[in-house]
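**Q** okay, sequence plus prediction incoming.
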Amino acid sequence: MKLRAVVDSLKRIDRLNNKKKRHQYIITDLQIGSALATIREKISNRSNKGSSSSIDSFSDIISSVYDGDSVSELNLPKQIFANLRRLTSGSSKAFSHAELTFPHGRIIRIDEFLADRVRDVSAIANDNIIVSPEYFLGTAYGTFEGVLQELDARGTLLRGKLILNGGVELDCVLNRDEIPTLREQFNQRVSVDAAAHYDGRHPLPVRLEIRRINRLEEMGDLTKWKGAFKPAPYDDMDEEW
């Protein structure tokens, strides 16, 4: 069902971008005993060279949904949003998660986070709802400090929790290929550079896409400063000043 939703979306985007069918879609790899499949886009004939790639457009669309960008102005058919709902339905219930990997390297994690994004965007696009978020809605880059815990190591995008210094837990994902020193950083006090995703309903981000982890030194023992900030003894010379 998930594979059909992806292929159907590519075909619809192909006709939308190029006014008619310009590409064919071939499953080049379908591993036995695994849900891993590879789809290749092939130009249907020589006269179609230079036509817009549906895979690139699909990547832009689903990335915009994932990042919280405004997609209501894309004027997409309702069936595209229906396919996105089919793609994300059952996440964290019927299956833990899935991943979409695009040729340029962007990996989109299909889970309950994306399902929430799809529901919000579908309502905006199909019902012409005007959204007035209470807080910031979208993606911003920032640095956060805390302890990295609860890693789910399944897939390329690992999922974990960053426990902030105040005890607040932030959901986060990490690319295992980009952070080879992850084992050394786990359960340690770190600062992370991340793309922070905000949903407009909460002041803190609902997900971090961690790009870099920096180990922080443990806080030093402050007992050596005992008495260092006591008032200085009274000196008569002070009055002359």
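**A** Ah, there it is.
**Q** burial count for Ala140?
**A** 12 (other C-beta atoms under 10 Å). Every residue, glycine included, has its C-beta placed from N, CA and C.
**Q** correct me if wrong: it contacts Leu204.
**A** No: between Ala140 and Leu204 there is no contact under C-beta atoms under 8 Å: 11.8 Å.
**Q** identify the contacts common to these two.
**A** Shared contacts of Ala140 and Leu204 (C-beta atoms under 8 Å, 6 or more residues apart in numbering): Tyr198.
**Q** which helices and strands does the helix or strand of the chain with the lowest mean pLDDT pack with?
**A** Lowest by mean pLDDT, DSSP states H and E among the helices and strands of the chain is helix 182-185, with a mean of 79. Counting contacts by 3 or more C-beta pairs under 8 Å, 6 or more residues apart in numbering; DSSP states H and E, helix 182-185 is packed against strand 207-215.
**Q** go with 10 Å
**A** strand 137-152, strand 169-175, strand 207-215 (3 or more C-beta pairs under 10 Å, 6 or more residues apart in numbering; DSSP states H and E).
**Q** what's next to it, contact-wise?
**A** With contacts defined as C-beta atoms under 10 Å, 6 or more residues apart in numbering, helix 182-185 is touched by 147-148, 151, 153, 158, 160, 174-176, 179, 190, 192, 210, 213-216.
**Q** then stretch 18-31?
**A** Contacts for stretch 18-31 (C-beta under 10 Å, 6+ apart): 3, 6-8, 10-11, 13-15, 17, 36-45, 47-55.
**Q** the residues you listed in strands, which ones?
**A** 37-43 (DSSP state E).
**Q** make a ChimeraX selection of the buried ones in those residues.
**A** A single ChimeraX command suffices to select whichever of the ones in strands among the contacts of stretch 18-31 are buried according to 16 or more other C-beta atoms under 10 Å:
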select :41
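**Q** report the central residue of the chain.
**A** Of all residues in the chain, the one closest to the mean position by C-alpha atoms, centre = their mean is Glu209, 5.3 Å from it.
**Q** where's it relative to Ser53, distance?
**A** 24 Å (C-beta to C-beta, to the nearest Å).
**Q** in a strand, that's where Pro203 is, yeah?
**A** No: secondary structure of Pro203 (DSSP: H, G, I helix; E, B strand; the rest coil): coil, not part of a strand.
**Q** re earlier: return the members of the contacts of stretch 18-31 classed as buried.
**A** For these, a neighbour count by 16+ other C-beta under 10 Å gives the buried set as 6, 8, 10, 13-14, 41, 51, 53-55.
**Q** mind listing the helices for this structure?
**A** For the chain, the helices defined by DSSP state H cover 2-18, 54-67, 78-88, 112-127, 182-185.
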